[in-house]
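sequence and computational prediction follow.
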Amino acid sequence: MEMQNPTHLLLVSSPGLGHLIPVIELGKRFALHHNFKVTILAVTSQTSRVETQILNSVLTSSLCHIIDIPSPDLTALVAENDAVFTRLCVTMREAKPAIRSILSEITPRPSALIVDVFSTEAIQIARELKIMNYVFVASHAWMLALVLYSPVLDEVVEGQYVDQKEPLKIPGCNPVRPEDVFDPMLDRNDRQYKEYLAIANGILQSDGVLVNTWEELQRKDLEALNEGGLLSKELDMKIPVHGVGPIVRQPELDTSSLTHSLMTWLDKQSSESVVYVSFGSGGTLSFEQMRELAWGLELSEQRFIWVVRAPIEGITDAAFFTTGNSQFDEMVKYLPEGFVSRIHKVGLLVPDWAQQVTILGHRSIGGFLSHCGWGSTLESVTNGVPLLAWPLYAEQRMNATLVAEELGVAVRPRVLPTKKVVRREEIAEMVRRVITENGIRERVKEVQHGAMKSLCVGGSSYAALSGVAKAIECSCQNVKCNKN
């Protein structure tokens, strides 16, 4: 018999576009494909204009209901030099009373709670209320494996991870080079490392994990994480891991003058001839690196669109909480003298932020110079666009290794950009390669095809998400039966 009311799902997102966008898109998928009533609880930074725009765009649709919780005051709780990772963990811990209140009082009572990795402490609330709960990992399965195995590494590895001579071994998965570890693992004495280990343990308290990848892309890692897999056995995991990706933002109608002018310019370019350059919602370069990048783009003699942000020395994620507040005139003063006038026929400069998914979907885009945030990486490969991998922070070094060395859909600098300034000649060479090299273009088309296939009815990701939806519905029906 058909349920009188649709199943109600509550999702929780921490601040930042890289967290908010995939949570929203996951919610939309439950609403569209499974007729769930979806409420998204978004803890926002209150300083990002783009974050506000995205929330407003969801509010105008009928797919999801948004509850916006302003970020708690952290003045007395974090130090000025605390990392973004620490700030996010403390933010979501302080938001727990608001989450508890909403989860207890919202009607109809949610059938399940899905939290992002910074919100795992809310799992305890769901358990107290006897509500199913899942963790949504917006990154990939190899990164999830490292996170879950980190408490074991913490016991067996002596000294700093970055000082190890051999890669860190993860049962059933590829090893991780010391220089590629997740940001919180860079310094075991830093506060964010303790927060990170707590997240690893928190994930295992859930009823299951949804991860933003698909079986054909990371079969080995997903097998290692699930029942019978080497990592699952090592950790004595009792929860399933579901590959439900790629979950990426879908293009939306944008009538702004900026997007119109970008699309008009792209329409005039040859197919797959333009490199899109962006370091995500939070990435920043040093002044010297920004100038070398400008010279490299010019020397490459390729067309480009560059989302430009003011340089900040030594802090690669300095724009994380402040996206979308700069002006073009402010950007120009950091570029080489005469650069803007010299490139006016071949390049476009955009301050701070652009409609990335719309740009990447245009036929003229032939490459993406990216910080390799997993959301941006998926937006690129699902549009068949090869990458120039330029990792900055978080798990981006792992992502760059994955796309360049395992998947073969990216080129990358010889040395990590966070360790050494990448010079203009190397940049120019990489830009030309990503535009002209046929092998990398053919490989990214294969990955694109696999991604689309996984999302179709009968595909691995469609089946995985359907299985989660069915489990939630069954749990909801059992609760109703018990009440009756």
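Sure thing, it's come through.

surely residue 217 is in contact with residue 450?
Yes - applying Cβ atoms under 8 Å as the test, residue 217 and residue 450 come out as touching, 6.5 Å apart. C-beta coordinates here come from the backbone N, C-alpha and C atoms, glycine included.

who's more crowded, the two?
residue 217 (24 against 17; other Cβ atoms under 10 Å).

what secondary structure does that one sit in?
coil (DSSP: H, G, I helix; E, B strand; the rest coil).

show me where pLDDT drops low in this structure?
Scanning the chain for pLDDT under 70 picks out 1-5, 46-53, 55-62, 322-326, 477-484.

can you report phi and psi for the residue lying closest to residue 115 once chain neighbours are set aside?
For residue 115, ignoring the flanking residues on the chain, the nearest one in space by Cβ to Cβ, 6 or more residues apart in numbering is residue 12 at 4.4 Å. Residue 12 adopts backbone torsions of phi -120, psi 130, taken as degrees, to the nearest 10.

and what of residue 411?
According to degrees, to the nearest 10, residue 411 has phi -110, psi 160.

what count of nearby residues applies to it?
Neighbour tally, residue 411, other Cβ under 10 Å: 21.

who's in contact with it?
386-389, 404, 430, 433-434, 437, 440 (Cβ atoms under 8 Å, 6 or more residues apart in numbering).

and which of those is nearest residue 372?
When the contacts of residue 411 are compared for distance to residue 372 (Cβ to Cβ), residue 389 comes out closest, at 5.0 Å.

how near is residue 377 to residue 140?
9 Å (Cβ to Cβ, to the nearest Å).

same question for residue 332.
37 Å.

next one: residue 288
For residue 288, the distance to residue 140 - Cβ to Cβ - is 32 Å.

same check on residue 97?
For residue 97 relative to residue 140 (Cβ to Cβ), the value is 32 Å.

thinking again about what came up before, just the buried members of the contacts of residue 411?
Using 16 or more other Cβ atoms under 10 Å as the burial test, the contacts of residue 411 include 386-389, 404, 430, 434, 440 as buried.

for stretch 91-109, what is the distance to the chain centroid?
24 Å (Cα atoms, centre = their mean, to the nearest Å).

meant to ask about stretch 441-460, not that
Distance, centroid of stretch 441-460 to centroid of chain: 19 Å (Cα atoms, centre = their mean).

buried ones in that stretch?
So for stretch 441-460, counting by 16+ other Cβ under 10 Å, buried means 441, 443-444, 447-448, 450-451, 454-455, 459-460.

and if you look at stretch 146-158?
In stretch 146-158, counting by 16+ other Cβ under 10 Å, buried: 146-150, 153-154, 157.

picking that back up, report the two of the contacts of residue 411 separated the most.
Of all pairs in the contacts of residue 411, the most separated under Cβ to Cβ is 389 and 437 at 14.0 Å.

picking up where we left off before, narrow the buried residues of stretch 441-460 to those in helices?
Among the buried residues of stretch 441-460, the residues falling in helices (DSSP state H) are 441, 443-444, 447-448, 450-451, 454-455, 460.

quick one: those residues as TSV, columns for distance to residue 279 too.
Below are these laid out as TSV (distance: Cβ to Cβ, whole Å):
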residue	distance to residue 279
441	23
443	24
444	20
447	22
448	23
450	27
451	23
454	28
455	27
460	31
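
what's the spacing between the closest residue to residue 211 other than its chain neighbours and residue 475?
Computed as Cβ to Cβ, 6+ apart, the closest residue to residue 211 that is not its neighbour in sequence is residue 137, at 4.5 Å. Residue 137 sits 21 Å away from residue 475, going by Cβ to Cβ.

neighbour count for those two, which is higher?
Set residue 137 next to residue 475 and count neighbours by other Cβ under 10 Å: residue 137 wins out with 24 against 17.

quick check: phi and psi at the more buried one.
Torsion angles, degrees, to the nearest 10, at residue 137: phi -100, psi 110.

that one: what's it in contact with?
116-117, 143-144, 203, 209-212.

could you rerun that using 7 Å?
Residues near residue 137 by Cβ atoms under 7 Å, 6 or more residues apart in numbering: 117, 144, 209-212.

all helices of the stretch 101-250 of the chain, in order?
For the stretch 101-250 of the chain, applying DSSP state H, counting those that start in this stretch gives helices covering 123-128, 141-156, 191-203, 219-225, 230-235.

okay, those in a markdown table with distance to residue 243 next?
Output for these, formatted as a markdown table (distance: least, Cβ to Cβ, whole Å):
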| stretch | distance to residue 243 |
| --- | --- |
| helix 123-128 | 21 |
| helix 141-156 | 7 |
| helix 191-203 | 15 |
| helix 219-225 | 5 |
| helix 230-235 | 14 |
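
burial-wise, tell me which of these comes out on top.
helix 219-225 (a mean of 23; mean count of other Cβ atoms under 10 Å).

can you name every helix or strand that that one contacts?
Packing partners of helix 219-225 (3 or more Cβ pairs under 7 Å, 6 or more residues apart in numbering; DSSP states H and E): helix 141-156, helix 230-235, strand 241-243.

any idea of the angle the longest one forms with helix 191-203?
I take that to be helix 141-156. Helix 141-156 and helix 191-203 meet at an angle of 110 degrees, taking axes from the mean of the first three to the mean of the last three Cα atoms, to 10 degrees as the criterion.

which strand residues bridge residue 389?
For residue 389, the beta-bridge partners are residue 370 (DSSP bridges).

show me the contacts for it.
370, 372, 400, 403-404, 410, 412.

just to revisit the earlier point, now, the contacts of residue 411 that are in strands?
387-389 (DSSP state E).

which one of those residues is nearest residue 327?
residue 388 (26.9 Å).
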